[in-house]
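# sharing a model that was predicted from the sequence below.
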Amino acid sequence: MILTSCCLEKNALPHEKYYDFYYSATYSYNKDTLKIQVKNPLNCPLRFSISSPQKSIAEIVTKFGTLTLKEKSDTILNYYVKANGKISLAFHTLYGDLNKAIRKEKMSLPFPNNKVYKVIQGYNGSYSHNTSNSRYAIDFALNINDTICSADDGYVVGVIKDYNRSGKTEEWFDYGNYITVYHSKSGLFTQYVHLIQNGSFVKVGDTVRKGQPIGLSGMTGYTTIPHLHFNVKRPDEKEGLISTDIEFEEGYKGAELTENTIVKK
């Protein structure tokens, strides 16, 4: 069978990569002084680090280390450095403050009242819940265009909404639409994944309440069927955010929500 260019294009990964938030970081070098300006635009703590291909400023990279900025804050750092020509820096970010205590509380199921759904993959699921990123995630069998609700009060700190396709291989992992919400009281983050294209009702910076509709379920990214991938995460030093276990105020424990379990809100 000969594959046409049309078919190849349909099954190819998206050409453009989208990001869930944008931050501000600039730097300048003048008279042996490296000035770094960093701004956190989010309603959650944000960790910054830098890297550079230039060995001459390796000491500065080490000194900078990991900088944690509180919500909606900024800072300016100055370093004395002798460099030949221009300096090249890259900035990297991770959600959360490692020094903030996590206070777990029961959350609400992430869909409207009086809805009943089946669990299609629970904790440590062999298909895609077997890494630190998703070990305690739960997949609910929401259909395309079903309403997704926030599991707790919080702030929207990440939104990707522009993808419109899915794939069966892991290379599609970074090409799904999702919403990230920060819950300042607990220090946890919730993520709602596989939304339809333009299916987010919220934007970065919005305040949301428990039970508030925030988006529409879909089938984007790494998935073979429509569903809601719901994941609660806590900050981690190496991986940014890692999955953590949770209980629901409707009386369910996350560990009990195994494949084919029926849940009602």
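Nice, I can see it. These figures come from a predicted structure and were not determined experimentally. Numbering: from 1, shown residues only.
# need the CA coordinates for the host helix or strand of residue 190. CSV is fine.
Per DSSP states H and E, residue 190 falls inside strand 188-195. What follows is strand 188-195, C-alpha atoms only, in CSV (Å, rounded to 0.1, in the frame of the first residue of the first chain):
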residue,chain,number,x,y,z
LEU,A,188,-1.1,20.8,45.4
PHE,A,189,-1.7,21.1,41.6
THR,A,190,-4.4,19.4,39.6
GLN,A,191,-4.3,18.7,35.9
TYR,A,192,-7.2,18.0,33.6
VAL,A,193,-5.9,16.4,30.3
HIS,A,194,-7.1,15.5,26.8
LEU,A,195,-9.5,18.5,26.4
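# tell me the first helix or strand C-terminal of that strand.
Where DSSP H and E defines the elements, the next helix or strand beyond strand 188-195 is strand 207-208.
# now do that following strand, average pLDDT.
When pLDDT is averaged along strand 207-208, the result is 98.
# which strands and helices sit next to the helix or strand that it is followed by?
Downstream of strand 207-208, the next assigned helix or strand under DSSP H and E is strand 213-216. Applying 3 or more CB pairs under 8 Å, 6 or more residues apart in numbering; DSSP states H and E, we find strand 213-216 packed against strand 147-149, strand 177-183, strand 188-195. In this view, the C-beta of every residue, glycine as well, is placed from N, C-alpha and C.
# as CSV, these with distance to residue 40, mean pLDDT and mean neighbour count would be great.
As requested, the helices and strands packed on strand 213-216 are exported to CSV (distance: least, CB to CB, whole Å; pLDDT from 0 to 100; neighbours: other CB atoms under 10 Å):
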stretch, distance to residue 40, mean pLDDT, mean neighbour count
strand 147-149, 26, 98, 22
strand 177-183, 12, 98, 25
strand 188-195, 15, 98, 24
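# so which of those strands comes closest to residue 89?
strand 177-183 (25.8 Å; CB to CB).
# just give the closest residue to residue 163, not the sequence neighbours.
residue 220 (4.6 Å; CB to CB, 6 or more residues apart in numbering).
# what lines up beside the strand holding residue 190 in the sheet?
Strand 188-195 pairs in its sheet with strand 177-183 (antiparallel), strand 228-236 (antiparallel), by DSSP bridges.
# dump those to JSON lines, plus distance to residue 58.
Formatted as JSON lines, those follow (distance: least, CB to CB, whole Å):
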{"stretch": "strand 177-183", "distance to residue 58": "33"}
{"stretch": "strand 228-236", "distance to residue 58": "25"}
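# which of those strands sits closest to residue 131?
So among the strands paired with strand 188-195, strand 228-236 is nearest, using CB to CB, at 11.3 Å.
# neighbouring contacts of the closest one?
45, 47, 94-98, 100, 102, 107, 110-111, 132, 134, 136-140, 142, 146, 148, 151, 178, 187-194, 217, 223, 241-246 (CB atoms under 8 Å, 6 or more residues apart in numbering).
# next helix or strand past that strand?
In the C-terminal direction from strand 228-236 (assignment by DSSP H and E), the next one is strand 240-243.
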